[in-house]
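Novice: Quick one, fold the following:
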Amino acid sequence: MKVENIFCELQKEMNALFKSAVCEKYFSGAAVGVSLFSGKKRETFTGCYGTPSFYSSENIHTSTFFDLASLTKPLATTMAVLCLIKEKKIYPDEKIGNFFGSGFSLETKDITISDILNHSSGLPSYRVFYKDIIGLPLSERKERLCQLVLKEPFEYTPHTQSLYSDLGFMLLDSIVEKRAGMSLEKYLQKKMPEYFGVSKGLVFNPMEKKITNCACTEKCSWRKKVLCGEVDDENTWAVGGISGQAGLFGTIESVVSITNHILDVWLGKEKDKNIERETLKLFLESRKTKNSSWAMGFDTPSPEYSSGGKYLSRNSVGHLGFTGTSFWIDPDKELVMVLLTNRVHPSRENNAIRKFRPLFHDKVIEKLGLAEKEAKE
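Specialist: Got it, this is the predicted structure:
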């Protein structure tokens, strides 16, 4: 069957699936992107559903910006680290003691960049830091945030297990700034201008850039409003909207574009002058910690229950975002799937996305005729 016909059938399936999800208030709006290699070129399907908020009569469009939440980790922070490695300004096994002054333990000093990227650093998953730094001048908050992170006791002995950690990526943000000599945002705009910037669709702080077409997230009790174009993550908001763990906003087309690029560089179909293919392969294919699903900067499908559904190959990589966003890249199928929603609107207590994500991915792969090829045993 021709790709156009397959996408036509996929569109019908997605229309029904998302109409039901919006009616049941899993989210007010969503955008999806599915990309696969067919013949000698990549074909892409996009779909937009619902509205930016439950109080809006406007429609979601391909130009709608979503709060990508923790997709910031692989798509921004990890990409910046890869660029710095190419420049020989940073090294995967470099210890974080090289980047920060005194005031933290010898054990913490020996954590490496790789440990942070594959979530085996020993650092806790999350801490409420914003309340401790919000009273400081904005220019002092990131430094204070790093001090607080570095003083945190280990949750476990580094390298013995993995625990998904925002705290490590808070440190990576400052490490990128120190070695790049500029903010994470400016460095990405310099090194990957095809993807980062208002006209390209991946930005931080959209409100400051006069971007108004954003999907709303939750009603924040202490900011006293429904957030729209303002980062949902409290710790990131407190440091000015740019951090290593959250803050990135993007359109469906921009997220599909950069994930396609990651896949094509990985497979050797494209070159990136700022990223070494072998280093990217190391990041995506390494599994350093026993019984962990984490590669470096990216997650992989869990063996028993995966948000990516039951058909992804074991070599796939992806990531989830708290606000209801996710992507999966399957190198064996040469397939990219992106799901952007505002599932935290108007409340983060809405967890329906947990059952929706695997259903979405399974239906996509089934409609593409790829279900039998890599179904998990």
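Novice: Might you report the residue contacts of D233?
Specialist: Contacts for D233 (C-beta atoms under 8 Å, 6 or more residues apart in numbering) come out as 69, 243, 245-247, 322. Any C-beta I mention is one placed from the backbone N, CA and C, and that applies to glycine too.
Novice: Could you report the pLDDT at the residue nearest to the spatial centre of the chain?
Specialist: For the chain, L71 is the residue whose C-alpha lies nearest the centre (C-alpha atoms, centre = their mean; 1.0 Å). For L71, the pLDDT comes out at 99.
Novice: you'd agree it is up against L248?
Specialist: Yes - taking contacts as C-beta atoms under 8 Å, L71 lies within contact range of L248: 6.4 Å.
Novice: what comes up buried for stretch 294-313?
Specialist: 294-301, 306-309, 311-313 (16 or more other C-beta atoms under 10 Å).
Novice: go on, stretch 50-61?
Specialist: Buried residues in stretch 50-61, counted by 16+ other C-beta under 10 Å: 50-54, 60.
Novice: Excluding sequence neighbours, find me the nearest residue to the residue nearest to the centre of the chain.
Specialist: Closest residue to L71 in three dimensions, ignoring its sequence neighbours and counting by C-beta to C-beta, 6 or more residues apart in numbering: G321, at 4.6 Å.
Novice: In contact with the one you found, which residues are there?
Specialist: Going by C-beta under 8 Å, 6+ apart, G321 touches 67-72.
Novice: can you give me the helices for the stretch 101-250 of the chain?
Specialist: Secondary structure of the stretch 101-250 of the chain (DSSP state H, counting those that start in this stretch): helices at 106-109, 113-117, 130-133, 138-150, 166-180, 184-191, 234-238.
Novice: Check which helices and strands the last one is in contact with.
Specialist: Spelled out, that is helix 234-238. Packing contacts for helix 234-238, counted by 3 or more C-beta pairs under 8 Å, 6 or more residues apart in numbering; DSSP states H and E, involve helix 130-133, helix 138-150.
Novice: tell me how far the first one is from the chain's mean position?
Specialist: Spelled out, that is helix 130-133. 24 Å (C-alpha atoms, centre = their mean, to the nearest Å).
Novice: Any buried residues in that helix, and which?
Specialist: For helix 130-133, using 16+ other C-beta under 10 Å, the buried residues are 130, 132-133.
Novice: If we only consider those residues, which is nearest to L148?
Specialist: Of all the buried residues of helix 130-133, L148 sits closest to D132, with 6.4 Å by C-beta to C-beta.
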